[in-house]
Every structure is written in structure tokens, then in C-alpha cells.
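Asker: pasting the structure only:
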């Protein structure tokens with residue numbers, strides 16, 4: 001047995017790597033973690049802001065495509081002319097677009113600055129002829145179950161300061177843009 005022990009290589013504790021961290025090692029690890037987490041949060045925030053801007057751009061393009069279908073007299077708020085089918089359809093689609101915009105705001109996909117602009121434009125447009133007349137007809141159709149409920153748009157038409165954004169501060173912070 002002693003011969004067997006003599007044949008085994010000698011084991012020295014000094015040859016093992018140190019399992020303890022020095023103060024400098026710990027500090028550098030903490031700094032690396034803080035920098036890495038900060039960079040990750042900044043990147044996630046920037047990606048989210050970019051996605052929100054892309055969504056907003058799509059809705060602005062839809063808005064202009066609907067306005068392009070309207071007669072200049074309609075755009076000026078003059079209600080003395082007959083609306084063609086295409087114009088009436090464009091106005092009714094504008095109502096749906098506006099409801100979609102408010103719904104996106106409720107889901108935190110529209111920034112504060114953009115919502116301030118959109119809600120002012122929506123309120124202004126809804127109060128002008130022939131939009132206001134068609135809005136009354138649309139509300140009647142909605143009440144009869146023939147159209148969307150237009151929950152957000154109804155509230156916005158009654159209160160120009162209406163904002164459907166999430167009410168929870170935590171949710172607003174998570175979804176800010």
C-alpha cells in the first residue's frame with residue numbers, strides 16, 4: 001500500500017485556483033453588470049420608441065389617404081353639397097380610424113405628444129359639417145347594433161380632453177414612449 005501512495009502524484013493546495021474574489025474582482029463584476037443592464041434597458045426603450053413611431057406613421061398615412069378622397073368643400077366644412085358614396089365612406093372610415101387611434105392609445109402604442117395632436121384634430125373634425133351630421137347617424141347605427149360601439153370616440157366627442165391611456169402609473173411607466 002505504501003508503494004501505491006508513493007506512486008501517486010503529489011497534490012499541492014497552492015496549485016488550485018483561488019476560489020475567493022478579491023475586492024477589485026467583485027467591484028469590476030458589479031460595474032460590468034450595472035453597465036450591461038443599463039445598456040440593455042436603453043436599447044429596449046429605444047426599440048419600443050421606434051415601434052411606437054412606426055405605428056403612428058402608419059396611422060398618419062391612413063389619415064391622409066382618407067382626406068385625399070374628400071371634396072375640398074367637405075374639407076372646408078361646407079355642408080351645402082351632396083356627399084357622394086365615396087366621400088361618405090371616407091368619412092365613416094375616418095370615424096373607425098379615429099376609434100382605432102384611441103384604442104392604440106389605450107394600449108400605449110401612441111405617445112403623449114402624438115395623442116395631444118390627434119385628439120385635437122379629431123375633436124375639431126368631428127364638430128365640422130358634414131362630419132358632425134354623419135357622426136350622429138353613425139351613433140344611431142351603433143346604438144341599433146349596426147356599427148361599432150365607438151366607445152373612445154363617443155367619449156372624445158363629449159370631452160375634448162379625454163385620454164384613454166392606461167391609468168396605472170406602473171403600466172404607463174412600462175409602456176411609455
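Answerer: On my side now, so go ahead. Note that the coordinates shown come from a computational prediction; the quantities given were computed from them, not determined experimentally. Numbers count the residues shown, from 1 in each chain.

Asker: what's the spacing between the closest residue to residue 67 other than its chain neighbours and residue 37?
Answerer: Take residue 67 and drop its neighbours on the chain: the residue closest to it by Cβ to Cβ, 6 or more residues apart in numbering is residue 75, 6.8 Å away. Yep, even glycine has a C-beta here, placed from its N, CA and C like the rest. Distance of residue 75 to residue 37, computed by Cβ to Cβ, to the nearest Å: 51 Å.

Asker: ok, residue 56 next?
Answerer: 29 Å.

Asker: and what of residue 83?
Answerer: Distance from residue 83 to residue 37, by Cβ to Cβ: 57 Å.

Asker: same drill for these two, tell me which one is more crowded.
Answerer: For residue 83 versus residue 37, neighbours defined as other Cβ atoms under 10 Å are more numerous around residue 83 (18 against 10).

Asker: for the more buried one, what are its contacts?
Answerer: 71, 74, 91, 130, 134 (Cβ atoms under 8 Å, 6 or more residues apart in numbering).

Asker: just the residues you listed: which are in helices?
Answerer: Among these, the ones falling in helices (DSSP state H) are 74, 91, 134.

Asker: return the member of those residues nearest to residue 102.
Answerer: Checking these against residue 102 with Cβ to Cβ, the nearest one is residue 91 at 17.0 Å.

Asker: looking at the chain, which helix or strand is least sure?
Answerer: Using mean pLDDT, DSSP states H and E, the weakest-scoring helix or strand in the chain turns out to be helix 2-7, at a mean of 58.
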